[in-house]
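Colleague: This is a predicted model, with the sequence first.
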Amino acid sequence: MKIHYFTPLLGLLTTVAIGQPTPPAAPSVPASDMYFGVKVDDPYRNLENLKDPAVAAWMKTQSEYARKTLDGIPGRQKLIDQMVEFDKRKAARVNDLRVTDNDRYFYFKSRPEDQQPKLYCREGYAGAEVLLFDPENFEKGKVYTISSFTPSFDGSKVAFALSQKGAEIGEGHIMDVKTRKLYPERISPLSLGGTGDWLPDNNSFTYTPLNSADVKDPAARLNTQSFVHRVGTPQSQDKPVFSAKVAPNWLSSQKSILTPSTRRKASYLSECYTP
């Protein structure tokens, strides 16, 4: 039997919305680009500029309209309280499990009260659970998400990428699992999921940074290079081991993008590399 919980809610929302004044239309400043000889129009690109006073005013008006509409729904708070109570009954969610060669388990875990998934580990399947990193307590007043992580083969270290406020650019961190202390270096800019691949020495890994931290830069992901990083050293000392310049015969174009497959090739090449 199907239970349509939200049908009454949608009806109430529609009824409340009818009685509300219509918010102003979004300000439009048409722009266009040429892609492979085809003109593509974008009437609302100006909305990407959050510093534009007209855009800020429109967003504020939209927010006020939405809040007034939602607050006008009869029984809304009671429904929210019930949904919160239902959420508390859920078990924790575990995902992205990684098991190292020495049977150390690494995984994300989210409890009903958590705002962001946290990184945990344990010694073996039945081992005691240890919280390695909580992004909610990383820097006071800032919101971070762990976008990806990669443990070393022996489980002694784990590299992970953090992104702030849903940004598309990440920053790499490395933790000593035994002490739960972070190494001083920070690696950036990284794409989400770009924490790299560990090498057999368990003290270095390959990674592919973006060319620019500007998400609007079309060249940020073109002709990228894979580097080797040795734990405990600054990023400025990292050397490229795979790129169109280093291995031109492996790439068919000077504008190639390094994929997970080519990153694995970079790891293979770097096994012979001693930082």
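Modeller: Good, I have the coordinates.
Colleague: Can you pull up the most central residue in this protein?
Modeller: residue 147 (3.6 Å; Cα atoms, centre = their mean).
Colleague: Make sure it is indeed in a strand.
Modeller: Yes. According to DSSP: H, G, I helix; E, B strand; the rest coil, residue 147 belongs to a strand.
Colleague: Do I have it right that it meets residue 164?
Modeller: No. With contacts counted by Cβ atoms under 8 Å, residue 147 stays clear of residue 164, the gap being 10.4 Å. C-beta here means a position set from N, CA and C on the backbone, and glycine is covered the same way.
Colleague: how far is whatever helix or strand residue 66 lives in from where the chain is centred?
Modeller: Here residue 66, judged by DSSP states H and E, is contained in helix 53-71. Centroid separation for helix 53-71 versus its chain: 27 Å, with Cα atoms, centre = their mean, to the nearest Å.
Colleague: by contact count, what packs against it?
Modeller: In this structure, helix 53-71 packs against helix 7-18, with contacts taken as 3 or more Cβ pairs under 8 Å, 6 or more residues apart in numbering; DSSP states H and E.
Colleague: Beyond the helix it packs on, next helix or strand please.
Modeller: Next helix or strand after helix 7-18 toward the C-terminus (DSSP H and E): strand 31-35.
Colleague: ok, and what's touching that next one?
Modeller: With contact meaning Cβ atoms under 8 Å, 6 or more residues apart in numbering, strand 31-35 is reached by 39-43, 45-46.
Colleague: wait, which of those is closest to residue 168?
Modeller: Among the contacts of strand 31-35, residue 45 lies closest to residue 168 (Cβ to Cβ), at 17.1 Å.
Colleague: Next, count neighbours for that closest one.
Modeller: Residues lying near residue 45 (other Cβ atoms under 10 Å) number 14.
Colleague: can you check residue 218 too?
Modeller: 8.
Colleague: Check the gap between it and residue 208 for me.
Modeller: Between residue 218 and residue 208 the computed distance is 17 Å (Cβ to Cβ, to the nearest Å).
Colleague: for residue 214, same thing?
Modeller: Taking Cβ to Cβ, one finds residue 214 at 17 Å from residue 208.
Colleague: Brilliant, that's me finished.
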